[in-house]
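A.B. asks: Sharing a sequence plus its predicted fold:
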Amino acid sequence: MPMKEAGDMTDAATRRLLDEYLVLAARTGDRKASEQLARRWNRRLVAHAWRLLGDADLAADAAQSAWVEITRGLGRLNDVRAFPAWAYRIVSRQCARRIGVLQRDRALKRDLEAEPPVVEALGDDDAQRLRAAIRTLPAGQRAAVALFHLEDMSIAEVAVALDVPAGTVKTRLMHARRALRAVLEGDDHA
């Protein structure tokens, strides 16, 4: 392993001191110091997020969210020398949150694709029309129909699951049934 030149170590020490000064100044509300700190560190934090996420847009979003958290938390950072590790940890947590969301979205998509046919008694054409009609329902109605009819939940259970009053569940089901009936009967004026 090559030895570092004396000038390299001085440059590194100077950069660390500048970062420490910028962190201290930013903690006191100095906007210019905050902006300079962000300019100095943003590219590195985005690169770290990209290494974790493998997607440039997701990495940029994660780093931007991390900067909000970093800015808010600077006052609680006890040791300004710890800023680099602390900032990287915040970016890592933001990336972990995004990975969790992506995993949940994939699992939900997989579950929806694996859902059994809605009504066994319907012919293929009618079942296809019903599935298409369900997809066009507003999200609240679609969720109410799925939980009530496909998951066999009671009105009260659906209300808890959707965090809405039972009356809202009944109204959503009424409107959804009306729209679905219109599709199955061929009446597009519901």
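C.D. replies: Structure's in. What do you need?
A.B. asks: Every contact and neighbour count from this point should use C-alpha atoms.
C.D. replies: Noted.
A.B. asks: which residues does Gln94 contact?
C.D. replies: By Cα atoms under 8 Å, 6 or more residues apart in numbering, the residues touching Gln94 are Ala62, Ala63, Ser65, Ala66.
A.B. asks: Tell me the buried residues in the helix or strand containing the first one?
C.D. replies: What that stands for is Ala62. Assessed by DSSP states H and E, Ala62 sits inside helix 56-73. For helix 56-73, the neighbour count (16 or more other Cα atoms under 10 Å) marks Leu58, Ala59, Ala60, Asp61, Ala62, Ala63, Gln64, Ala66, Trp67, Ile70, Thr71 as buried.
A.B. asks: biggest helix in the chain, by residue count?
C.D. replies: helix 83-113 (DSSP state H).
A.B. asks: quick one, that helix and helix 56-73 angle?
C.D. replies: 130 degrees (axes from the mean of the first three to the mean of the last three Cα atoms, to 10 degrees).
A.B. asks: got the buried residues for the lowest-mean-pLDDT helix or strand in the chain?
C.D. replies: Lowest on mean pLDDT, DSSP states H and E among the helices and strands of the chain sits helix 124-136, with a mean of 75. Using 16+ other Cα under 10 Å as the burial criterion, the residues of helix 124-136 that qualify are Ala127, Arg129, Leu130, Ala133, Ile134.
A.B. asks: where in the protein is pLDDT low?
C.D. replies: Applying pLDDT under 70 to the chain flags residues 1-9, 111-124, 126-127, 186-190.
A.B. asks: sorry, back to before: please identify which of the buried residues of helix 56-73 is nearest to Ala82.
C.D. replies: Nearest to Ala82 among these is Ile70, at 12.5 Å by Cα to Cα.
A.B. asks: Look up how far Leu147 lies from the residue nearest to the closest one when sequence neighbours are not counted.
C.D. replies: Leaving out its chain neighbours, the residue that sits closest to Ile70 by Cα to Cα, 6 or more residues apart in numbering is Ala87, at 6.6 Å. To Leu147, Ala87 is 42 Å away according to Cα to Cα, to the nearest Å.
A.B. asks: Please determine how far Arg135 is located from Glu151.
C.D. replies: Distance from Arg135 to Glu151, by Cα to Cα: 17 Å.
A.B. asks: same check, this time on Ala107
C.D. replies: Using Cα to Cα, we find Ala107 at a distance of 17 Å from Glu151.
A.B. asks: Over to Ala144?
C.D. replies: 10 Å.
A.B. asks: higher neighbour count, the two?
C.D. replies: Using other Cα atoms under 10 Å as the criterion, Ala144 and Glu151 rank with Ala144 on top: 25 against 11.
A.B. asks: Give me the neighbour count for Leu24.
C.D. replies: So Leu24, with other Cα under 10 Å, has 19 neighbours.
A.B. asks: Quick check: it touching Val80?
C.D. replies: Yes - at 7.0 Å, Leu24 counts as touching Val80 under the criterion of Cα atoms under 8 Å.
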